[in-house]
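# When you get a sec, could you give me coordinates for this:
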Amino acid sequence: MEIINELNSRLQDNESKLNQWSEEHLSRIVIPLYSSVDLRLAEYKIAPVDTNVFPAGFNNLSQLYRDRAGILFRDALTRKYNGIKKILIIPELHTKNKFYWENIYALSGILRNAGYEIEIGIVSDEFQVGESYFETVSGNKIKAYKAFQKDHRVMISGYDPDAILINNDFSEKCPKTLRDIVQPVVPPVEIGWHTRRKDIHFQFYNKLASEIADILDIDPWIISIDTRFVSDTDFDDYDERVKVAGHARELLSDLQNQYKRHNLSTKPFVFIKSNSGTYGMAVISVSDPEDIINLNSDGRKRMRVKKGGIQVRDIVIQEAVPTCLKLRENLIAEPVVYMVESEVAGVFYRTNSGKNEFENLNSRGMSFEDFPVEGGMEKSVKPVFSLISKVASIAAGYEIEKIIEEGGCRE
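Down below sits the predicted model:
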């Protein structure tokens, strides 16, 4: 693919400058222990469309990547927190989501194989029992316990961990159980979706992407993603939809100008998303602003609530990057890159046979396929995939810094 080959060549020619750039930023901030980055690759650009700081999908990584993730976890935890042996994982509380519990089963296995003692602790007002079992999609059982705080330490009955690993994005609130404790909490609970905002993340990402573009001597548009913030929306209100359509029209016009500048004949489109939250909820794509004004009842319902049933008020309108990756005929895909700190731990493909290259693949009907490893991971994962994902993880680090400076958890 021409754009990838050109970027990889420029990365190779500027490797020392890029390493220096990375070291400078990593010396200023603390980036999340782990993250996942959804990449979209078009014929003319590559950009992240989502960065998850509490990734749920370790079960989709091949065994080779799981082994690599374990090595990277151990290196990172040993470097940062000397003497950690026991880790308490704090998961989501999706009692019916067997795929999610498969993720927890895989994550626990990765850490156990890396030499850690692992238990699962539930932090939720809904979970009142002392312990319970959760079944994975493959039929495995996970035992989880009610977590509590005592003497500024989070623990479960009979188990006092050295560190807390969060795999729960806490969309609704920042739990008091995990505040003001002496154990390391990674990633910090302050960066859950109760506090995170997508427009802030992409502000940081685009700024960093511009710095990378200067080093590579390329147009920053090739690796950036235009993202506009719109506050206080209500898709059930006609006038509010007119307002959103106006913002979408401005972005589509700007994108059309960019397409002309890059000699692209395709028609631009945008994604409209909730400004916080994950799981692909509250997302629609449009190419004509009138589609927003005339949004049908199903579309309005989709944009009404996000994860946890929380009402959507603030949104982003984001440049859409059509995927050009095809695994087989009519099966489009996008790479999902799993990071431990700033290093690639693994990659898999997200596919969705019911969607086309312009649509959101992170939706009902999606499936996952292995990312092929030929000649070792370093040769299989394109350098530009690694670089863009690293930039996204550094952007998440600047998010953490901003959130902590502003006071941390929000009620």
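# so who does His25 touch?
Leu208, Ile394, Gly397 (Cβ atoms under 8 Å, 6 or more residues apart in numbering). C-beta coordinates here come from the backbone N, C-alpha and C atoms, glycine included.
# From Ile200, how far off is the last one?
This means Gly397. Distance, Gly397 to Ile200, by Cβ to Cβ, to the nearest Å: 12 Å.
# When these two are compared, which one has more neighbours?
Using other Cβ atoms under 10 Å as the criterion, Gly397 and Ile200 rank with Gly397 on top: 23 against 18.
# nearest spatial neighbour of the more buried one, skipping sequence neighbours?
Of all residues not flanking Gly397 in the chain, Ile31 sits nearest, at 3.5 Å (Cβ to Cβ, 6 or more residues apart in numbering).
# Need the per-residue pLDDT for the one you found.
Turning to Ile31, the model gives it a pLDDT of 95.
# Make 352 the first number, not 1, from now on.
Shifting the count to begin at 352 puts that one at Ile382.
# I'd guessed it sits against Lys741; true?
No - assessed by Cβ atoms under 8 Å, Ile382 is found out of contact with Lys741, at 9.1 Å.
# Please enumerate the shared neighbours of these two.
Taking Cβ under 8 Å, 6+ apart as the contact rule, Ile382 and Lys741 both touch Ser693.
# Which element, helix or strand, includes the residue nearest to Gly748?
Assessed by DSSP states H and E, Ile382 sits outside every helix and strand.
# if I look at it, how far off is Ile739?
15 Å.
# Next: Ile422.
From Ile422 to Ile739 the distance is 23 Å (Cβ to Cβ).
# do Ile576 as well
Distance from Ile576 to Ile739, by Cβ to Cβ: 10 Å.
# One more: His376?
14 Å.
# Please apply the same query to Tyr510.
Distance from Tyr510 to Ile739, by Cβ to Cβ: 39 Å.
# ok, the two, which is more surrounded?
Ile739 (24 against 13).
# name the element that one belongs to?
helix 734-756.
# Now that helix: buried residues?
Buried residues in helix 734-756, counted by 16 or more other Cβ atoms under 10 Å: 734-751, 753-754.
# any residues in contact with both of Ile576 and Ile739?
With Cβ under 8 Å, 6+ apart as the test, Ile576 and Ile739 both reach Ala398, Pro399.
# Nearest the geometric middle of this structure, what residue?
For the chain, the residue sitting closest to the mean C-alpha position, by Cα atoms, centre = their mean, is Asn403 at 2.1 Å.
# where's the closest residue to it other than its chain neighbours, which helix or strand?
In space, Asn403 comes closest to Ser387 once its chain neighbours are excluded; the distance is 4.7 Å by Cβ to Cβ, 6+ apart. Ser387 is part of strand 385-392 when elements are defined by DSSP H and E.
# what's the offset of that strand from the middle of its chain?
Strand 385-392 sits 6 Å away from the centroid of its parent chain (Cα atoms, centre = their mean, to the nearest Å).
# Send me that strand as PDB with only the CA atoms.
Written as PDB, here are the backbone C-alpha positions of strand 385-392 (Å, rounded to 0.1, in the frame of the first residue of the first chain):
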ATOM      1  CA  TYR A 385      -1.900  -0.200  28.900                       C
ATOM      2  CA  SER A 386      -4.200   1.000  26.200                       C
ATOM      3  CA  SER A 387      -5.700  -0.100  22.900                       C
ATOM      4  CA  VAL A 388      -5.900   2.000  19.700                       C
ATOM      5  CA  ASP A 389      -8.400   1.600  16.900                       C
ATOM      6  CA  LEU A 390      -6.700   2.500  13.600                       C
ATOM      7  CA  ARG A 391      -8.300   3.400  10.300                       C
ATOM      8  CA  LEU A 392      -6.200   3.100   7.200                       C
END
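# Summarise which helices and strands that strand is packed against.
strand 397-403, strand 682-691, helix 734-756 (3 or more Cβ pairs under 8 Å, 6 or more residues apart in numbering; DSSP states H and E).
# I'd like the distance from the last one to the chain centre, please.
In terms of Cα atoms, centre = their mean, the gap separating the centre of helix 734-756 from the centre of its chain is 11 Å.
# relative to strand 397-403, how tilted is that helix?
With axes from the mean of the first three to the mean of the last three Cα atoms, to 10 degrees applied, the angle from helix 734-756 to strand 397-403 works out at 40 degrees.
# Next, the contact list for Ser565, please.
No, residue 565 isn't Ser; it's Asp. Pro571.
# 10 Å - rerun?
Lys368, Trp372, Pro571 (Cβ atoms under 10 Å, 6 or more residues apart in numbering).
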